[in-house]
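**Q** Below: sequence and its predicted model.
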Amino acid sequence: MRICAVLRLVPDLVEELEVEENEVIPFRYMPNERDEHAVEEALILKEKTGAEVEVLGIADPDNEADIDEGLGMAAAKGADKLYKVILDRPSYKRAELAKALAEFLSDKNYDLILTGIQAIDSFAGNLGGMLAKNLGIPYIGGVVEVNISDGEVVVKKELGGGLLAEYRLSTPAVVSIVSAERPLKFVPFTKLRQAMKKAEIEEVELELPEFEGIEVVRYEVPPEPEITLIEGDVEEVADKLIEALKEISVL
Amino acid sequence: MDVEEMLETYFERIGEIPNSDRFIQCIQCGTCGGSCPYGMGTLFTPRRMILAVRAGIVDEVLSSGAQWLCTSCFTCSLRCPSQIPITDAIIPALRELSLLEGNPPEELAAALMNIARYGNSFRESPRKRDKWIKEVDFEVPLISKKKKAEYLFVTECFGAYHRRCKEITKAFAKVMHILGVDFAILGNEERCIGDLVRLCGEFGLFEDLVEKNIRVFEKYEFDKIVTHDAHAYNALLREYPKFGFEKEVVHHTQFLYNELEKLKELFGKLDYTVTYHDSCYVGRRNGIYEEPREVLKAIPGVKFVEMRRIKENALCCGGGGGGVWLDSFIKEHIKERPAESRVKEAASVGAEVLVTACTLDVPMFEDALKVTGLEGQLEVKDISEIVLEAIES
């Protein structure tokens, strides 16, 4: 079995973002956590079945160095092959990425393509679905466990409200992961650095198509929430709190 | 890794740590386990860890999780009749195996990854490390601007980012400011000093931090380092020289003691009964017992009382050796955390204020006050906070 896991970069929100009207400029990038779980699940499948795992790091000319650590981490955990896909521009629509990625993946003969369910800069979580549509193969999202049973892929999917369901998939298929079935494996610093030094990463330049129809009007930072600290002794605080609640018509 | 590889990695690592050849001198007396704050809560006390390694069942130690039930309090190492470096070698090397296996407790793994990525365990921006200096009403000089200072004040991660510990940093900086001391900070150029990283067995990350920190230290001219962080003090004093960095390092308790004559002239009266907690890496590990006591006793109006477990027998707060990142893990194994036992002890001797000298202690003990219901009866203060209070009273 051959598995491909997609690893995207997202802005590191520990650092402040610079938000301009038509541009959001992150200070630095980090691997998308959900995608790290997709990579982890792929590697768990490797442990279970001996599958071959290839990791596809997605970057652009502005942040291509930032993907190396994520790819090194995958290599340290046992990934067999690493790709660094460098997109031709830093700003794009998910549909454009899905189309370009699908073209790249179409002749790679993977049995499973794993992505994270969403990213902090892609709440709609539509990359997996659009990728599957472009490839003409089945898609399932919200997955928390992947197994191979009697030669078939069986996944556990979260239905919400604490319910889980099991689905059988035909392959090839795209699976979007919520979280891997175990916490992300820890990689000590030295092991990571060694893996990064040794890793052979195949670089691929990818041209994105341009789709019309949706345009950015402007980006804006939501207004800071107003916080009032009520101070004083218990009686005073209670009085002031009642007054404040009355003011906003809660009481 | 199979057991053979584990043992090979283990012995290779402890071979690099001074005096670990004494491993073979373990007489299985059990002093370590009897001294350990978690001795009752673990399957593998240090004695049994050594026995397990000798018997080639190191994997059983790892799967029990016992290697994470160590606060690096140094009591076992101090009492060991064979002087085996349990805290510095035996346990961190076991922890390293856990890290290599990829499955340390999650909270701790996150802290280590944050330190590797951001230089602090709090997942805070390294560009905000000096934010506290904007919260004080006096100027805290940056060494990048000042270029030269007598003291370089190392705030360390807790002192720079933790909401409560920042107050200690501000208090100590203010005391230095009032005394007219020539000091400066690294500001955003400072990063984790790494003692807890070392004690957690993340030796590769520790070495990386040391090398980066030394490169920054070497950019500037200063005579001594002063810090209120007991673990930073320990690492700078004992570990950094191994990497070629040798500068005088002063703990803030020593600094305050050295300035005591000047401080006495500034002290007003306080009206407290205080007791002093000997933090492991101030007291037991580094022998600073009398200096903080002398400072406290010199404050007019302060009534000083001792707890029962003091000096080399003091009970640990539970935060060292990564314990501060292992709270939920530890709670699964023991009923009462060491910090809870310690605040009860402080209250039982009639103390109104529990004075400490390590930034980890304050949040550990303040949490314990909430758990034990002693909030309101007992307060926790760093020695610099009480000194500042005496000056300002």
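**A** Arrived safely.
**Q** For the rest of this, base every contact and every neighbour count on C-alpha atoms.
**A** Fine.
**Q** Would you mark the buried spots in stretch A:9-24?
**A** A:9-13, A:15 (16 or more other C-alpha atoms under 10 Å in any protein chain shown).
**Q** got it, and stretch A:103-111?
**A** Buried residues in stretch A:103-111, counting neighbours by 16+ other C-alpha under 10 Å, are found at A:105, A:110-111.
**Q** rewinding a little: among the buried residues of stretch A:9-24, which lie within strands?
**A** Members of these lying in strands (criterion: DSSP state E): A:9-11.
**Q** Closest one to chain B out of the residues you listed, please.
**A** In terms of C-alpha to the nearest C-alpha, no member of these lies closer to chain B than residue A:11, at 13.2 Å.
**Q** Wait, that closest one touches residue A:29, no?
**A** Yes - here residue A:11 reaches residue A:29: they are 4.4 Å apart, a contact under C-alpha atoms under 8 Å.
**Q** hang on, residue B:132 packs against residue B:170?
**A** Yes - if you go by C-alpha under 8 Å, residue B:132 and residue B:170 touch, sitting 7.5 Å apart.
**Q** Out of these two, name the residue with the larger neighbour count.
**A** Neighbours were counted for residue B:132 and for residue B:170 using other C-alpha atoms under 10 Å in any protein chain shown; residue B:170 has more, 23 against 18.
**Q** Quick one: residues contacting the more buried one.
**A** Residue B:170 makes contacts with B:132-133, B:136, as judged by C-alpha atoms under 8 Å, 6 or more residues apart in numbering or on different chains.
**Q** close to chain A, is the lowest-mean-pLDDT helix or strand in chain B?
**A** Ranked by mean pLDDT, DSSP states H and E, the helix or strand of chain B with the weakest confidence is helix B:327-333, at a mean of 91. No - Helix B:327-333 is not in contact with chain A by C-alpha under 8 Å from any C-alpha of the partner chain; minimum separation 15.0 Å.
**Q** Excluding sequence neighbours, find me the nearest residue to whichever residue of chain A sits closest to chain B.
**A** Going by C-alpha to the nearest C-alpha, chain B is nearest to residue A:186 of chain A, at 4.2 Å. Counting by C-alpha to C-alpha, 6 or more residues apart in numbering or on different chains, residue B:102 is the residue found nearest to residue A:186 once chain neighbours are left out, at 4.2 Å.
**Q** Any figure for the gap between the closest residue to residue B:90 other than its chain neighbours and residue B:203?
**A** Nearest residue to residue B:90, sequence neighbours excluded (C-alpha to C-alpha, 6+ apart): residue B:14, at 6.9 Å. Using C-alpha to C-alpha, to the nearest Å, residue B:14 is found at 11 Å from residue B:203.
**Q** Local confidence estimate at residue A:162?
**A** Confidence at residue A:162, expressed as pLDDT, is 88.
**Q** now residue A:226
**A** Predicted confidence (pLDDT) for residue A:226: 85.
**Q** Note down every partner strand of the strand of greatest length in chain A and its orientation.
**A** As assigned by DSSP E, the longest strand anywhere in chain A is strand A:139-149. As defined by DSSP bridges, the strand partners of strand A:139-149 come to strand A:152-160 (antiparallel), strand A:173-177 (parallel).
**Q** From the chain's centroid, how far away is stretch A:8-15?
**A** 11 Å (C-alpha atoms, centre = their mean, to the nearest Å).
**Q** Show me the helices in chain A, by range?
**A** With DSSP state H applied, chain A shows helices at A:33-49, A:67-76, A:94-105, A:127-135, A:189-198, A:234-247, listed in chain order.
**Q** residues from chain A in reach of chain B?
**A** Residues of chain A found near chain B (C-alpha under 8 Å from any C-alpha) are A:14-15, A:183, A:185-190.
**Q** Quick check: ChimeraX command selecting the buried ones in the residues you listed.
**A** ChimeraX command restricting these to the buried ones, with burial defined by 16+ other C-alpha under 10 Å:
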select /A:15,185,186,187,188,189,190
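**Q** Kindly reformat the residues of chain A next to chain B as CSV containing distance to residue A:72.
**A** Shown next, in CSV, are the residues of chain A next to chain B (distance: C-alpha to C-alpha, whole Å):
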residue, distance to residue A:72
A:14, 22
A:15, 23
A:183, 18
A:185, 13
A:186, 13
A:187, 10
A:188, 12
A:189, 11
A:190, 11
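**Q** With residue A:174 as the reference, measure out to the residue nearest to residue A:101 when sequence neighbours are not counted.
**A** Excluding the flanking residues, the one nearest residue A:101 by C-alpha to C-alpha, 6+ apart is residue A:131, at 7.2 Å. Distance of residue A:131 to residue A:174, computed by C-alpha to C-alpha: 7 Å.
**Q** what pairs with the least confident helix or strand in chain A by mean pLDDT, and is each one parallel or antiparallel?
**A** Ranked by mean pLDDT, DSSP H and E, the weakest helix or strand in chain A is strand A:23-25, scoring a mean of 89. With DSSP bridges as the test, strand A:23-25 is paired with strand A:18-20 (antiparallel).
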